[in-house]
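> sequence plus the predicted model coming up.
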Amino acid sequence: MIRFSNGHTFEYMTASGALSFDGKGWLWEQPWRWIGLLDPTLFTSVTKTLTLRPTEGNLRWYNPFRCLRLVRGGVVNAVGLSNPGIDWWCKKIGPSLNSTKIPLIVSIFGEPEELAEMAGMLNGFDLAGLEINASCPNAETYVLQDTARVIASCEAVKTNSRLPLILKVSVTHDISQIVKGAENLVEAISINSIPWAVAFPNRRSPLEILGGGGVSGKIAQPFTWGLVKKLTELTTIPVIGPSVWDFDDLEKVRSLGAKAVSFGSIFMCHPWRPTLYVRKELKQRV
Ligand SMILES: Cc1cc2nc3c(=O)[nH]c(=O)nc-3n(C[C@H](O)[C@H](O)[C@H](O)COP(=O)(O)O)c2cc1C
């Protein structure tokens, strides 16, 4: 369980990209909601990442599989930062948050000054927190791989925001330096997908023409879970454990030190599983 300074607590999170910009899920996920096999109210949801200006990224709504491959035990994606921009979110999604029972965390990406501006714009909304995506494997700019900039991003957001902050890191970051600088700024750490070249250095990515993409899911566990373990040894900042695929994974990732778990690409391959697992676990505890 993670408890934020604003009193919000959570054990189960949905990762950015899993349930759209409002935590209610993408259009293709709605049939699972209608039949009761996907219940977004069980999770604290992180929105798909937003940027200050609309960003095209690699996603084309008419052909999602251009930048997405479902593989055995995971997903390779090169979606990038496709999103309609923060203004759109503030007009279309933010005002109706009170009517949903889904605690929402907004994921943001950009230069420190852009992040500061976005954090300010989000202050008026009823959010559980913010997440800085400092680790998109498909972003055109790699400036946020730079430790000093990651810390500057956290500082910029904290200066302009009243909300608790999650920092989303990559296996490629200099993690020991980052956690030192982030200690008093962030209230939790999450972990992004693994760049293809790191996961499979000797194999050609099915998304080679889009830069290789990021690897998520069970096949990413050796990397993402390795990072969970390393982080929990390095810092007292609570770590959110990703790459849950089977029910047993909940306990496995907690045993490495994760204080909450997140469901990401599992929604793409098995959209009913996160709801099933949470219900099962809550029932077992009664
Ligand atoms: C299709 C897709 C889109 C994603 N979009 C984002 C995003 O916009 N921002 C972000 O921070 N992470 C994004 N991610 C990464 C996930 O949030 C998550 O960190 C990653 O998949 C690792 O977790 P998992 O192994 O549990 O899936 C995306 C992942 C996928 C598969």
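Great, that's in hand.
> only C-alpha atoms from now on, for both contacts and neighbour counts.
OK.
> by proximity to the ligand, which residue of the stretch 51-200 of the chain wins?
Using C-alpha to the nearest ligand atom, the closest approach of the stretch 51-200 of the chain to the ligand is made by residue 192 at 3.6 Å.
> and the closest residue to that residue other than its chain neighbours, what does it touch?
Closest residue to residue 192 apart from its sequence neighbours, by C-alpha to C-alpha, 6 or more residues apart in numbering: residue 170 at 5.4 Å. Counting by C-alpha atoms under 8 Å, 6 or more residues apart in numbering, residue 170 makes contact with 134-136, 191-194.
> now do residue 57
Shown in contact with residue 57 (C-alpha under 8 Å, 6+ apart): 79-83.
> and it, how far from residue 107?
16 Å (C-alpha to C-alpha, to the nearest Å).
> per-residue pLDDT of the residue nearest to residue 192, please?
We have a pLDDT of 92 for residue 170.
> from what I see, residue 188 and residue 165 are in contact.
Yes - assessed by C-alpha atoms under 8 Å, residue 188 is found in contact with residue 165 at 6.9 Å.
> would you work out how far apart the start and end of stretch 191-209 are?
Start-to-end, stretch 191-209 (C-alpha to C-alpha) is 25 Å.
> quick check: buried residues in that stretch?
Going by neighbour count (16 or more other C-alpha atoms under 10 Å), the buried part of stretch 191-209 is 191-197, 199, 205-207.
> same question for stretch 98-105.
Going by 16+ other C-alpha under 10 Å, stretch 98-105 has these buried residues: 102-105.
> list the buried residues for the helix or strand bottoming out on mean pLDDT in the chain?
Counting by mean pLDDT, DSSP states H and E, the chain has its least confident helix or strand at strand 68-71, which shows a mean of 90. Within strand 68-71, the residues that count as buried by 16+ other C-alpha under 10 Å are 68-69.
> quick check: next helix or strand after it?
Next helix or strand after strand 68-71 toward the C-terminus (DSSP states H and E): strand 74-77.
> mind giving me the packing neighbours of that next one?
Counting contacts by 3 or more C-alpha pairs under 8 Å, 6 or more residues apart in numbering; DSSP states H and E, strand 74-77 is packed against strand 68-71, strand 214-216, helix 266-269.
> list the neighbouring strands of it plus their orientation.
Strand 74-77 has the following sheet partners, assigned by DSSP bridges: strand 68-71 (antiparallel), strand 214-216 (antiparallel).
> how about JSON lines for the ones you listed, with distance to the ligand added?
Below are those laid out as JSON lines (distance: least, C-alpha to the nearest ligand atom, whole Å):
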{"stretch": "strand 68-71", "distance to the ligand": "6"}
{"stretch": "strand 214-216", "distance to the ligand": "4"}
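> tell me which of these sits nearest to residue 128.
Minimum separation from residue 128 across these (C-alpha to C-alpha) falls at strand 214-216, 25.0 Å.
> same question for the closest one, mean pLDDT?
95.
> who touches that strand?
With C-alpha under 8 Å, 6+ apart as the test, strand 214-216 has contacts from 74-78, 137-138, 193-196, 199, 243, 264-265.
> of those residues, which pair is most distant in space?
138 and 243 (18.3 Å).
> counting neighbours, go ahead and name the busier of those two.
residue 243 (29 against 21; other C-alpha atoms under 10 Å).
> from what I can see, that one looks like it's in a strand, true?
No - under DSSP: H, G, I helix; E, B strand; the rest coil, residue 243 sits outside any strand and is assigned coil.
> ok, the closest residue to it other than its chain neighbours - how many residues close by?
The spatially closest residue to residue 243, leaving aside those adjacent along the chain, is residue 217, at 4.5 Å (C-alpha to C-alpha, 6+ apart). For residue 217, the neighbour count with other C-alpha under 10 Å is 26.
> ok, residue 217 - contacts?
Residues in contact with residue 217 (C-alpha under 8 Å, 6+ apart) are 73-75, 243-245, 264-266.
> so which bits of the stretch 101-250 of the chain are right by the ligand?
Contact residues, the stretch 101-250 of the chain versus the ligand (C-alpha under 6 Å from any ligand atom): 133, 136, 191-193, 216-217, 220, 242-244.
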